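Undergrad: What follows is a predicted protein model with its sequence.
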Amino acid sequence: MGKRHLIIGDSHAHPDYSNERFTWLGKLIHDSRPDVVVNIGDMADMASLCAHSKAIEIEGARYEADVNAAKDAQERMFHEVRKHKKKLPRFVWTLGNHDIRADRFVADNPVFQGKIKTEDIGYKDYPWSDVVPFLEPIDIDGIDYCHYFTSGIMGRPIGGQHAAWTIVKKRNKSGTAGHSHVLDYKIDKTPGRSLMGLVVGNFIGFNMGYAGPANDMWSDGIAICDNVEDGIYDFSWISMNRLKKEYG
């Protein structure tokens with residue numbers, strides 16, 4: 001019997017929006033009892049470190065509020081899982097580009113060296129089994145997980161209208177990614193082997209103003225892969241609306 005993987009898409013915990021959805025998520029994790037929980041990245045939004053911000057904008061309340069939003073999201077999720085005192089699943093966080101904004105900011109503004117860092121978002125305070133560096137894939141039961149996969153000499157994200165199919169074709173291995181906030185799923189069968197590609201939508205639950213009409217293309221929810229073995233699984237999707245009805 002294969003394993004159950006629960007995958008959290010980009011969730012962008014933000015101080016201006018409620019983190020109640022992470023309480024619902026913790027309850028779902030407890031009830032569904034996955035063997036592995038994968039946070040595909042960008043659990044932290046870190047809006048104060050947007051590339052368009054000025055260096056002075058990280059000071060004071062804005063940076064602290066961003067960090068606290070990420071910590072609160074984790075606290076809500078893990079509280080619901082840990083309070084039942086049962087064996088925890090393997091929790092894996094593949095860091096996303098928003099998660100590592102502090103380190104990128106310091107690289108461009110060395111004066112802030114030692115003042116801010118990626119680990120400020122709090123992952124060391126919670127039972128993450130693996131925290132995987134940005135763009136470094138991790139193989140779990142035959143599936144490569146990564147915030148996004150890259151292609152070409154420029155290292156651009158694999159995306160497009162049929163991103164799941166492209167992930168499989170370019171990498172010749174089952175792979176699961178996030179980043180684009182869309183939901184896309186593909187089974188690629190050829191003689192002698194089957195591969196599966198998945199882009200897991202998002203777990204945001206609110207419109208991100210900068211994205212405009214693109215918000216309508218995104219899917220909010222949680223992906224669950226059952227009977228995972230050698231990169232093959234049975235896929236199911238739990239929408240944010242369903243999650244809210246059951247746990248909200």
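TA: Okay, I see it. Numbering: from 1, shown residues only.

Undergrad: where exactly do the helices run in the protein?
TA: Listed in chain order, the helices of the chain (DSSP state H) span 20-32, 61-82, 101-108, 163-171, 240-247.

Undergrad: Low-confidence bits of the protein, can you list those?
TA: Residues of the chain that meet the criterion pLDDT under 70 lie in 52-61.

Undergrad: Could you name the stretch from the helices of the chain that's closest to residue 125?
TA: Taking Cβ to Cβ, helix 61-82 is the member of those nearest to residue 125, at 7.2 Å. (Each C-beta comes from the backbone N, C-alpha and C, glycine too.)

Undergrad: Need the contact partners of that closest one.
TA: Outside helix 61-82, the residues that touch it by Cβ atoms under 8 Å, 6 or more residues apart in numbering are 11, 13-15, 19-20, 22-23, 25-27, 29-30, 43-49, 88, 116, 120-123, 125-127.

Undergrad: Can you say which of those residues are buried?
TA: Among these, the ones that count as buried by 16 or more other Cβ atoms under 10 Å are 11, 13-15, 19, 22-23, 25-27, 29-30, 43-49, 116, 120-123.

Undergrad: ok, residue 86 - contacts?
TA: Each residue near residue 86 by Cβ under 8 Å, 6+ apart is listed here: residue 30.

Undergrad: scratch that, residue 90 is what I was asking about
TA: Residue 90 neighbours (Cβ under 8 Å, 6+ apart): 35, 36, 37, 129, 130, 140.

Undergrad: cool, and residue 201?
TA: 9, 181, 182, 183, 218, 219, 220, 221, 223, 237.

Undergrad: Now, those residues that are in strands?
TA: The strands, defined by DSSP state E, take in 183, 221, 223, 237 from the contacts of residue 201.

Undergrad: what about the first one, how many neighbours?
TA: To tie it back to what came earlier, the one meant is residue 183. 21 (other Cβ atoms under 10 Å).

Undergrad: go on, the third one?
TA: By the other Cβ under 10 Å criterion, the neighbourhood of residue 223 contains 25 residues.

Undergrad: On the strand side of things, show who it bridges to.
TA: When assigned by DSSP bridges, residue 223 has beta-bridge partners residue 7, residue 237.

Undergrad: Touching, it and residue 32? I think so.
TA: No - counting by Cβ atoms under 8 Å, residue 223 does not reach residue 32; the two are 11.6 Å apart.

Undergrad: intersection of neighbour lists for the two?
TA: Jointly contacting residue 223 and residue 32 under the rule Cβ under 8 Å, 6+ apart are residue 6.

Undergrad: most remote residue from this protein's center?
TA: The outermost residue of the chain relative to its centre, with distances by Cα atoms, centre = their mean, is residue 191 at 32.7 Å.

Undergrad: give the contact list for it.
TA: By Cβ under 8 Å, 6+ apart, residue 191 lies in contact with nothing.

Undergrad: cool, residue 15 as well?
TA: Taking Cβ under 8 Å, 6+ apart, one finds 65, 66, 68, 69 in contact with residue 15.

Undergrad: at 6 Å instead, please
TA: 65, 69 (Cβ atoms under 6 Å, 6 or more residues apart in numbering).

Undergrad: re earlier: show me which pair in the contacts of residue 90 is furthest apart.
TA: 35 and 130 (13.7 Å).
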